[in-house]
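**Q** pasted the sequence and its predicted model underneath.
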Amino acid sequence: MNEIIKKIEAEQLKEEVSQFNVGDTVRVHGKIKEGNRERIQIFEGVVLKKQGGSNRATFTVRKSSNGIGVEKTWPLHSPNVEKVEVIRRGKVRRAKLNYLRDRVGKAAKVKELVK
């Protein structure tokens, strides 16, 4: 039974997944269906966390829209996620950035990683 489940999950994985980490500022191109039409909407923000593995992997992106924090959780291997662009790399020391939820303005920024 376990081998069957692994085989089904392997078929659902995307071939190419962009590499990004927690703290990076990303631009997620997500497909939106409105009636019979389909379009791509961009959601840009900081990656708060990545969790799960295999085809269940998800990531949460947070942005500030009109002074209000908006978070969206995306499945990494979903067909509704067209692509994930990394705009800038973030310098963080944690796996989950839940403390950013309490911060406002410049305090909610993540330093850029300079290599």
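**A** Nice, I can see it. Numbers count the residues shown, from 1 in each chain.
**Q** CA atoms for contacts and neighbours, from now on please.
**A** Fine.
**Q** pairing partners for the longest strand belonging to the chain, with directions?
**A** Looking across the chain with DSSP state E, the single longest strand is strand 37-51. Applying DSSP bridges to the sheet, strand 37-51 is found paired with strand 25-34 (antiparallel), strand 58-65 (antiparallel).
**Q** between these, which one is closest to E3.
**A** strand 58-65 (22.9 Å; C-alpha to C-alpha).
**Q** distance from the chain centre to the very next helix or strand once past the closest one, please.
**A** Following strand 58-65 in sequence order, the next helix or strand is strand 68-75 (DSSP states H and E). Counting by C-alpha atoms, centre = their mean, to the nearest Å, strand 68-75 is centred 8 Å from the centre of its parent chain.
**Q** what angle do strand 68-75 and strand 37-51 make?
**A** 90 degrees (axes from the mean of the first three to the mean of the last three C-alpha atoms, to 10 degrees).
**Q** which parts of strand 68-75 are buried?
**A** 71, 74-75 (16 or more other C-alpha atoms under 10 Å).
**Q** now, which of these sits nearest L97?
**A** Nearest to L97 among these, with distances taken as C-alpha to C-alpha, is E71, at 12.3 Å.
**Q** not counting the helix or strand of the chain with the lowest mean pLDDT itself, show me its contacts.
**A** Using mean pLDDT, DSSP states H and E, the weakest-scoring helix or strand in the chain turns out to be helix 2-12, at a mean of 85. Helix 2-12 is contacted by residues 54-55, 77 when judged by C-alpha atoms under 8 Å, 6 or more residues apart in numbering.
**Q** do that again at 10 Å, thanks
**A** 54-56, 77-79 (C-alpha atoms under 10 Å, 6 or more residues apart in numbering).
**Q** hmm, back to that, now the strands paired with strand 37-51 as TSV including mean neighbour count, mean pLDDT and distance to V84?
**A** TSV is the format used below for these (neighbours: other C-alpha atoms under 10 Å; pLDDT from 0 to 100; distance: least, C-alpha to C-alpha, whole Å):
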stretch	mean neighbour count	mean pLDDT	distance to V84
strand 25-34	17	94	5
strand 58-65	18	93	11
